[in-house]
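Need a 3D model of the following:
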Amino acid sequence: MPAFKPQWDARMGAQQLYTAYQASKVTLEEFEGPRYQRIAHIRKLMAEGIVGPDMRFMPVAARSQPSPSLRAATPDSL
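Numbers count the residues shown, from 1 in each chain. As a prediction, the model looks like this:
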């Protein structure tokens, strides 16, 4: 595509994203949290017992107890 001439550069793209984030009032905490980061979101679902280690949704009855491997260590368990 030798005739292709891009109309945008990285700086213009970054400015567009910055403007959009400001307009939607996304906070840094929201942006860096699980809502916008897929891996963090999956880890959150696993920690809450909503998704199991096989990445499938857990039955509602099993959701009250997260997987033992995902629970935080307590002084008694050390």
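
Point out where the chain drops to low pLDDT.
For the chain, the stretches flagged by pLDDT under 70 are 62-78.

50 instead?
73-78 (pLDDT under 50).

list the contacts for the residue nearest in space to the middle of it?
Closest to where the C-alpha atoms of the chain average out (Cα atoms, centre = their mean) is residue 37, at 2.5 Å. Contact analysis of residue 37 by Cβ atoms under 8 Å, 6 or more residues apart in numbering lists nothing. Heads up, the C-betas are built off the backbone N, CA and C, glycines and all.

Residue 1 versus that one, what's the distance?
Residue 37 sits 33 Å away from residue 1, going by Cβ to Cβ, to the nearest Å.

cool, residue 41 as well?
On the measure of Cβ to Cβ, residue 41 and residue 1 end up 37 Å apart.

Repeat that for residue 56.
Where residue 1 is concerned, residue 56 sits at a distance of 43 Å (Cβ to Cβ).

The two: which is more packed in?
Neighbours per residue (other Cβ atoms under 10 Å) separate residue 56 from residue 1, with residue 56 holding more: 8 against 4.

Distance-wise, check that one relative to residue 2.
Residue 56 is 48 Å from residue 2, by Cβ to Cβ.

Identify the residues contacting the spatially closest residue to residue 45 that is not a sequence neighbour.
Leaving aside its sequence neighbours, residue 45 sits nearest to residue 51 (Cβ to Cβ, 6 or more residues apart in numbering; 4.1 Å). By Cβ under 8 Å, 6+ apart, the contact list for residue 51 reads 42, 45, 57-58.

Relative to residue 40, how far out is residue 51?
Note on residue 51: its distance to residue 40, by Cβ to Cβ, is 13 Å.

show me where this protein has helices.
Here the chain has its helices, by DSSP state H, at 10-24, 28-32, 38-47.
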